[in-house]
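Visitor: the sequence and its predicted three-dimensional model are supplied below.
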Number of protein chains: 2
Amino acid sequence: MALLGSEAGIVNVGVAEFGMAPRSHGAVVVQLDWRPPADGDRELGLLLARLEDDADDPVGAQVRAANALAVERITSARPMLVGVRPASEVVPALGPRTILHAGPPIDWARMCGPVRGAIVGAILFEGWAVTPHAAFALANSGTVRFEPCHDHGAVGPMAGILSPSMPVVVVENAPGGTRAFATMNEGLGQVLRFGAYDAEVLTRLRWLATTLGPTLDAALQLHGPVDLRTLIAQALQMGDECHNRNAAATSLFARRLASAIVRTAPADVAAQALDFLGQNDHFFLNLSMAACKSTMDAAHGIEGSTVVTAMARNGVDFGIRVSGTGDAWFTAPATVPDGLYFPGYGPDDANPDLGDSAITETRGIGGFAMAAAPAIVRFVGGTAEDALGYTREMQRITLAHDADFALPPLGFVGTPTAIDLRRVVESGTAPVINTGIAHKEPGVGQIGAGIARAPLACFADALREVGRRLNVGGAA
Amino acid sequence: MALLGSEAGIVNVGVAEFGMAPRSHGAVVVQLDWRPPADGDRELGLLLARLEDDADDPVGAQVRAANALAVERITSARPMLVGVRPASEVVPALGPRTILHAGPPIDWARMCGPVRGAIVGAILFEGWAVTPHAAFALANSGTVRFEPCHDHGAVGPMAGILSPSMPVVVVENAPGGTRAFATMNEGLGQVLRFGAYDAEVLTRLRWLATTLGPTLDAALQLHGPVDLRTLIAQALQMGDECHNRNAAATSLFARRLASAIVRTAPADVAAQALDFLGQNDHFFLNLSMAACKSTMDAAHGIEGSTVVTAMARNGVDFGIRVSGTGDAWFTAPATVPDGLYFPGYGPDDANPDLGDSAITETRGIGGFAMAAAPAIVRFVGGTAEDALGYTREMQRITLAHDADFALPPLGFVGTPTAIDLRRVVESGTAPVINTGIAHKEPGVGQIGAGIARAPLACFADALREVGRRLNVGGAA
């Protein structure tokens, strides 16, 4: 190792403080940024060793085969937008008085402001109560069921509230045998997903249900299914990462469907629908999320796989699900993202990390594809070089590159995809998530955007569960 | 200079062959890629010295002030798309039996195949003849006037043929007091701009004139003028360079205008128009060109300015115009671009460089903004790193960065804009142009895409004319 040629004095590995004393006496100290695997946790280190790919060991061989299958399910997914239908009609096992929410399971008592506000709005929209006060009382009464979107094949941005009468986009991934659902994006300003529930919000929700949903559904039936994988691949070449930036994908989608809308809707309705698509650069976000959900659900449930199939936040807890650990959620406290705030707001106003939209990063786009979207650093902070750096960093914790999602600024290498629990725990490198930042009070809305990191504790817990299911303890 | 530390033997500057003899005897020779200014031309070198910015010299002060004004006119331009009208109604001084073409002036006898084919098509479209044979004879008879688009405030891609009944987009640049015009893009396949003139081509031209033109014009009157500068700025953040890649700009434009089209046209016409915009990723090219033309015309005609205000090709000659040299064209033979060919075609099939679309590079986008469009290298050849390299190289021959046209991969620096004759001649760095490659036979169409370089001789001739007009000879 030729670090400083003849001038090198001391090489300090790991804890930087150990180099301070000799440096204070004039020595040249080279600091190596090294951390022991699994942050020095001996049990996890041993477990990691047992779970490494190893053709000659039954456990290592199973993990390797399971992960290969998971990667194959992800890269062979073909999510197609097939329709827009009322949730009650298509979302499986959605009870009549059930409201779905973003992130891992949570009780009303622990929910954050924006999620509570959005639930009040959904209850008013459904007509289960007629005043906000009554809706709040109903939500608090224990007679409404609250369940994660993810447990019903659905995903929702921010609060992620989904009630039976809301229209959802329906995405089918035939190769994986999966279907996924998401609400339609409401645009910016006063919107349900940030916990607003005033008359403007409810009027828009009704228009989405009675007008835009049926209009898009009719256009899709004439046009035929829209290949979301191809659309995302195009958008990644056009400055989108399809989480926080969806301007290209929304434009491509609106342009693609415009003539079918005109051919199936009355002119005034078609014009309204095109205006809505024209003014909401985030319309595609929910389609992107449903595409990613249908993809990752196809990779879920493979015994022995250490691939992460969901990352989601309810504004209080951050949770992950892993292919080889069934329906279990592994959670840790959600943190406030680092980012840029709109004028007048700061970190004290921010709700901790919120929403199912991290399904995009789980799939390998969003923050993992930031190299595709250097312009986004003006929104979430940092430099164009940082954008490349995030993608390169995520290459270290993923199992594959998805060649169909090519990143031009990195020489057309595919997006890093299939987060491997083992690599996260071993390296201490947390998945990066591009995200909007919600005000902690319901209904104030978005107050910034930034970068969140998944808490490492979830990944260590999930790894232990993989070991338990494979009967390999860390100390075994 | 520490080139090779203690090992360096000989540094050879300039002509590489001088280093071969010592190298053959075992010496270490470091080759410096240096060329004398103006390629060693003493007259041009002296002229360059006289024309340098110099506050204490009347000529140097005039050149500096003239170029500062030209840059100000370029960066303050606000090209707005205001309508789509028949050329005969809006293009100035367009005589009744006049056909405009791309590039510098050229006689029928010297025209290339695609331009001749497109002229035959225009004559058939106008009804001045009813068979291709008769149209050819008429074109050859001397009774039809052929003039450059550029001399009428217009620009056209490839053959650039514009006849009185064709609809043109009308772009107004109020700060510069200029108006510019371009035909509407026909899409790919058999199209007039590559010299095709069969029934399909003529049917499409009639549909553009009778249907799409009036439809877009009506939509624009309802919507109001479209700010093309803002649209280009957005598209540069979305992988377009707005010459060879216009997918984002076309999508943004179609999405912006869709509801106004629906509100002003019958449903079947609106659907046809939206289908056409939906299927032609190059529709925005002609808008981009007209925007650039209106911008560069505002910088034209400033005595003493060495800023290039047009680069254009007629398939035989490459020509430039310069702000300080009036209406003169400086020409040199057009060359075949370096590029990638579609299967079955090669350089022997290619027409030399063709079209007015190099107005985009003249303005600082297109090849000058390749850093914004790394994905384009899959179309024109090279690597994503090459794309950054072209933009960096063009920074050396331009006077300004246009901060409104920010390039994310280069840390949001603005596009290099305002090509300075002096820098081109001094450095021998030729402007780079992204371009389609046309088959040399009329009507075959596009057979590839690549990179063309403007011939340096035009720039030297133009510099001499600037000197003549300022009464400073090279030997003075």
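Guide: Yep, it's here.

Visitor: ok, the residue nearest to the spatial centre of chain A - contacts?
Guide: The centre of chain A sits closest to residue A:358, judged by C-alpha atoms, centre = their mean, with a distance of 1.2 Å. When contacts are counted by C-beta atoms under 8 Å, 6 or more residues apart in numbering or on different chains, residue A:358 touches A:311, A:312, A:313, A:366, A:431, A:433, A:435, A:452, A:454. Placement of C-beta: from N, CA and C, glycine included.

Visitor: may I have the beta-bridge partners of the third one?
Guide: Beta-bridge pairing of residue A:313, defined through DSSP bridges, involves residue A:318, residue A:355.

Visitor: that one: what's it in contact with?
Guide: Contacts of residue A:313 by C-beta under 8 Å, 6+ apart are A:102, A:103, A:319, A:334, A:352, A:353, A:354, A:355, A:356, A:358, A:452.

Visitor: switch to 7 Å and redo it
Guide: For residue A:313, the contact set (C-beta atoms under 7 Å, 6 or more residues apart in numbering or on different chains) comprises A:102, A:103, A:334, A:353, A:354, A:355, A:358.

Visitor: rewinding a little: quick check, pLDDT for the residue nearest to the centre of chain A.
Guide: We have a pLDDT of 98 for residue A:358.

Visitor: now for the closest residue to it other than its chain neighbours, how many residues are close by?
Guide: Counting by C-beta to C-beta, 6 or more residues apart in numbering or on different chains, residue A:311 is the residue found nearest to residue A:358 once chain neighbours are left out, at 4.1 Å. The number of residues packed near residue A:311 is 27, by other C-beta atoms under 10 Å in any protein chain shown.

Visitor: please apply the same query to the one 10 residues further on.
Guide: As a burial measure, the neighbour count of residue A:321 was computed by other C-beta under 10 Å and equals 26.

Visitor: also residue A:142?
Guide: By other C-beta under 10 Å, 9 other residues sit near residue A:142.

Visitor: with the one 5 residues further on instead?
Guide: Counted by other C-beta under 10 Å, the residues lying close to residue A:147 total 18.

Visitor: report the contact partners of it.
Guide: Neighbouring residues of residue A:147 by C-beta under 7 Å, 6+ apart: A:98, A:100.

Visitor: quick check: end-to-end length of stretch A:435-446?
Guide: Stretch A:435-446 has its terminal residues 10 Å apart, counting by C-alpha to C-alpha, to the nearest Å.

Visitor: again but with stretch A:365-377, I slipped
Guide: Stretch A:365-377 has its terminal residues 15 Å apart, counting by C-alpha to C-alpha.

Visitor: identify the residues contacting that stretch?
Guide: Residues outside stretch A:365-377 that contact it (C-beta under 7 Å, 6+ apart): A:232, A:236, A:239-245, A:360-361, A:383-384, A:386-388, A:390-391, A:394, A:405, A:407, A:409-410, A:415-416, A:432-434, A:451, B:237, B:408-409.

Visitor: returning to that earlier point: ok, the contacts of residue A:313 vs residue A:257, which is closest?
Guide: residue A:355 (25.5 Å; C-beta to C-beta).

Visitor: residue contacts, the closest one?
Guide: Residue A:355 makes contacts with A:102, A:157, A:158, A:160, A:313, as judged by C-beta under 7 Å, 6+ apart.

Visitor: for the stretch 101-250 of chain A, list the residues in contact with chain B, please.
Guide: A:237, A:238, A:239, A:247, A:248 (C-beta under 7 Å from any C-beta of the partner chain).

Visitor: ok, the closest residue to the second one other than its chain neighbours to residue A:234 distance?
Guide: Taking C-beta to C-beta, 6+ apart, and ignoring the residues beside it in sequence, residue A:238 has residue A:248 as its nearest neighbour in space, at 3.5 Å. With distances taken as C-beta to C-beta, to the nearest Å, residue A:248 is found 7 Å from residue A:234.

Visitor: okay, now the unreliable bits of chain A?
Guide: A:1-9, A:11, A:13-16, A:30-34, A:473-476 (pLDDT under 70).

Visitor: domain-wise, how is it divided?
Guide: A:5-34, A:43-68+A:300-469, A:79-292 (automatic domain parsing).
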